[in-house]
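Enquirer: one predicted model, sequence on top.
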Amino acid sequence: MLVPLTRQKFEQLLPRIATGDQYRYSWGKFPDFLRRLLISVVGVVVVWLLSLVLGEGFGPLLFPVGAIAGLYFLWAPVLWASLRNGEYRRYPYSGFFRGRVLDVFVTEELIGKEETVNNKGELVIVENRERRLNLEIGDETGFTTELQVPLRRTHQDVVPGQVAEMVVLSNRPDLSSIAKVTDVYIPTQNLWVSDYPYLRRDMFIEVSRRIRRNNQDPRSRRDSRRKPQQSPRQDLDY
């Protein structure tokens, strides 16, 4: 099932400014924090040196610059998450998709390489690998898409045949060509499968429940038989 979303609803589901979940994701690990903190310290030192060179007359101008640089370690995650949101928000059309998990499998992916020296003084290249969960999701119309995310312990509850929901993005108003997909929600397990949390999850769950109620309402079914189907895909029988 594919239900077109209004632009207003899509922007509520995927806001321009980072949400709390997105901020926590973009905060990163401890080395990421140290890197941002170092940039903040260097920025403050540079501004301080400029104030010495330019004199006190530039103090009112340099002070806000120094404050912004000093707080870089705090506001940078908001910036990176908002830019990432913008990559998805540039698509003009979106839809609520409900299909099923067709396949689930785990792979080991190369995520980086490091050069180190062993006890003999020889240069050794160490490969960093990560186990990832791969999902194939589709519906009875033949549409399929694949999603790969870092493997988590909760993913053991994901099995083929489960209902899977997500938001799909397109450049076409009829959603006949899907360009991007967001995080996946498994309603029977109340489980999210994602790497980056694109969606406002509380609002998405409410949209999911509303669509499910509409499909179960006999009056809405009678109305759908009287009116032409607006969705480019047929509803699945849930």
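Expert: Received the coordinates, thanks.
Enquirer: quick one, domains of the protein?
Expert: The chain breaks down into these domains under automatic domain parsing: 2-14+92-104+131-226, 24-89.
Enquirer: the shortest one: end-to-end distance?
Expert: Taking CA to CA, to the nearest Å, domain 24-89 runs 20 Å from one end to the other.
Enquirer: tell me the most buried of the domains of the chain?
Expert: Among those, domain 2-14+92-104+131-226 has the highest mean neighbour count (mean count of other CB atoms under 10 Å), at a mean of 16. Any C-beta I mention is one placed from the backbone N, CA and C, and that applies to glycine too.
Enquirer: quick check: mean pLDDT of it?
Expert: Domain 2-14+92-104+131-226 carries an average pLDDT of 88.
Enquirer: ok so Val65 is a helix residue?
Expert: Yes - assessed with DSSP: H, G, I helix; E, B strand; the rest coil, Val65 lies in a helix.
Enquirer: quick check, it in contact with Trp48.
Expert: No - the criterion here is CB atoms under 8 Å, and Val65 misses it with Trp48 at 10.7 Å.
Enquirer: any idea which strand is longest in this structure?
Expert: For the chain, the longest strand by residue count, based on DSSP state E, is strand 93-117.
Enquirer: what distance separates that strand from the middle of the whole chain?
Expert: Per CA atoms, centre = their mean, to the nearest Å, the displacement of strand 93-117 from the mean C-alpha position of its chain is 13 Å.
Enquirer: what about the strands in the chain?
Expert: 2-5, 93-117, 123-138, 144-150, 163-170, 180-181, 184-186, 191-193.
Enquirer: out of the ones you listed, which gets nearest to Ser208?
Expert: When the strands of the chain are compared by CB to CB, strand 163-170 sits nearest Ser208, at 5.5 Å.
Enquirer: what's the spacing between Asp139 and Arg100?
Expert: Using CB to CB, to the nearest Å, Asp139 is found at 7 Å from Arg100.
Enquirer: can you redo the strands of the chain as CSV with distance to Gly55?
Expert: Listed next are those as CSV, based on distance: least, CB to CB, whole Å:
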stretch, distance to Gly55
strand 2-5, 56
strand 93-117, 46
strand 123-138, 49
strand 144-150, 52
strand 163-170, 52
strand 180-181, 51
strand 184-186, 58
strand 191-193, 55
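Enquirer: of these, give the one that comes closest to Ile39.
Expert: strand 93-117 (21.2 Å).
Enquirer: and the longest helix belonging to the chain, what does it pack against?
Expert: Secondary structure of the chain per DSSP state H: the longest helix is helix 30-54. Packing partners of helix 30-54 (3 or more CB pairs under 8 Å, 6 or more residues apart in numbering; DSSP states H and E): helix 59-70, helix 72-89.
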